[in-house]
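Colleague: Sequence plus predicted model, see below.
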Amino acid sequence: MEILLPVLFILFIVGFIIYAVIRFSSQEATTKTLLGEYAAFGRAGLSESERLFKLLATRGGWKVLPSNFLRELSSRLGNKENLIQFVILSERHRFDQTHFPRFAMDTDDIVEGEELAMSYVGSLFASTGNSLFSKKNFAEAERYYLLATYIYPNHSTYLPLATVYYSTGRYREALPIFRREMNRFREAMRMSEQFIQFLPSAADLGSYEEMTKLEKVYSIIYQDCLEKIGEGNIGQEINEERAASVKTSNSQLPKKSNEQCDQVPGAFGRFGFDESNPIPADGNWYCQRLRCPNGHPYWYHRPGSVGFGPDGHMVDSLELQCFGGESRINLFFDMYHKGASSLVPEGLILGLAEGIGTTKGIIPNFPKGLM
């Protein structure tokens, strides 16, 4: 027995080393293969977006997934470094064979199907990051959290990333995320609380209770971040933000529109394309006149609201597809201003009112449901 234990320990160490070498070699091989294919697609004259899409669409088991699912993934990942990381981590867990086919199912037929699929992928990566975080493997958890924020930028992916930054002493990286995302998280809590008043199932109640626990944890970490870098009156800042969130959440939307403006106060990001820089205009008036880069009018509908904008008004997301079929975009609107902005999102133009759609809600089978 005394001889057997050292032998077993040595075998365990050798086995672990072999596993680590194989895993590292596999990552190296995948990286080398994808970089080679990326370069080949470039020599063939493909654009950056097409090169990224082709990396997924021509790879093993990935190529059986719907092209719109792969195109949306590659678009959100944005560059070859993120995409290669995504492929390596997905294949490590066989997500490409087990989860992604289910997530991608019927995305061609469901309104907002692609967005829903991306939310599933982002949640899967965030959940995997959570598992690693619980084991204090912060470096690996950060890799999954970062990819989750690219795929599905939401408080549910950003706040765990901020927690990793906090846990590794990077308080100045964590703080702006907490400042930006905590109010969005509390707004999601408020929406959940209102929803379970009408459908109080055990699952709904459990979800809300979990969010309440998370809010307390995030608030404590947020406060400690502020204390660590010595910013102002800590407790007062947290309490003021909570109070402002409750006041904004519980208030009714403005009964009267604000004055006409070209850009809402406090806006930042890409005009129209980012929810932080919504178009101040009536969505129907504006979308009826909007034209794609080729000059075609748009069909449009409103999938829903995304939360409060920089000036405290609710921001709505509108999905548009041009009559020619070559342009499908999402724009964000603040429809609580008089008149309309004279600005136009980059690459688009305004023309005669020939667009067709509605801002009242979702059109099933968009855009065919408008034809």
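Modeller: Everything's here; your move.
Colleague: low-scoring pLDDT stretches of the stretch 1-150 of the chain, where are they?
Modeller: Regions of the stretch 1-150 of the chain meeting the criterion pLDDT under 70 cover residues 1-25, 106-113.
Colleague: can you map out the strands along the stretch 151-300 of the chain?
Modeller: Ranges of strands in the stretch 151-300 of the chain, per DSSP state E, counting those that start in this stretch, are 279-280, 290-291, 298-308.
Colleague: Between these, which one is closest to S26.
Modeller: strand 298-308 (39.4 Å; C-beta to C-beta). (Each C-beta comes from the backbone N, C-alpha and C, glycine too.)
Colleague: and the closest one, what other elements does it pack with?
Modeller: Helices and strands touching strand 298-308, by 3 or more C-beta pairs under 8 Å, 6 or more residues apart in numbering; DSSP states H and E, are helix 171-196, helix 283-289, strand 314-322, strand 356-357.
Colleague: In TSV: the ones you listed, plus distance to N79 and mean neighbour count.
Modeller: As requested, those are exported to TSV (distance: least, C-beta to C-beta, whole Å; neighbours: other C-beta atoms under 10 Å):
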stretch	distance to N79	mean neighbour count
helix 171-196	20	17
helix 283-289	31	21
strand 314-322	25	21
strand 356-357	33	20
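Colleague: Redo the strands of the stretch 151-300 of the chain as TSV? Include distance to G361.
Modeller: Shown next, in TSV, are the strands of the stretch 151-300 of the chain (distance: least, C-beta to C-beta, whole Å):
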stretch	distance to G361
strand 279-280	19
strand 290-291	19
strand 298-308	6
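Colleague: Can I get stretch 182-191 as CSV, trimmed to CA atoms?
Modeller: Provided in CSV are the C-alpha atoms of stretch 182-191 (Å, rounded to 0.1, in the frame of the first residue of the first chain):
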residue,chain,number,x,y,z
MET,A,182,-26.7,48.7,-12.4
ASN,A,183,-29.7,50.9,-13.4
ARG,A,184,-30.4,48.6,-16.3
PHE,A,185,-30.3,45.6,-14.0
ARG,A,186,-32.7,47.3,-11.6
GLU,A,187,-35.1,48.2,-14.5
ALA,A,188,-35.1,44.5,-15.5
MET,A,189,-35.9,43.7,-11.9
ARG,A,190,-38.8,46.2,-11.9
MET,A,191,-40.2,44.6,-15.2
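Colleague: Let me see the domain layout of the protein.
Modeller: 16-245, 279-370 (automatic domain parsing).
Colleague: can you map out the helices along the stretch 101-250 of the chain?
Modeller: 113-134, 138-151, 155-167, 171-196, 202-229, 234-250 (DSSP state H, counting those that start in this stretch).
Colleague: out of those, nearest to V306?
Modeller: V306 sits nearest to helix 171-196 of all the helices of the stretch 101-250 of the chain, at 9.1 Å, using C-beta to C-beta.
Colleague: Tell me how far that closest one lies from the chain's centre.
Modeller: Helix 171-196 sits 14 Å away from the centroid of its parent chain (C-alpha atoms, centre = their mean, to the nearest Å).
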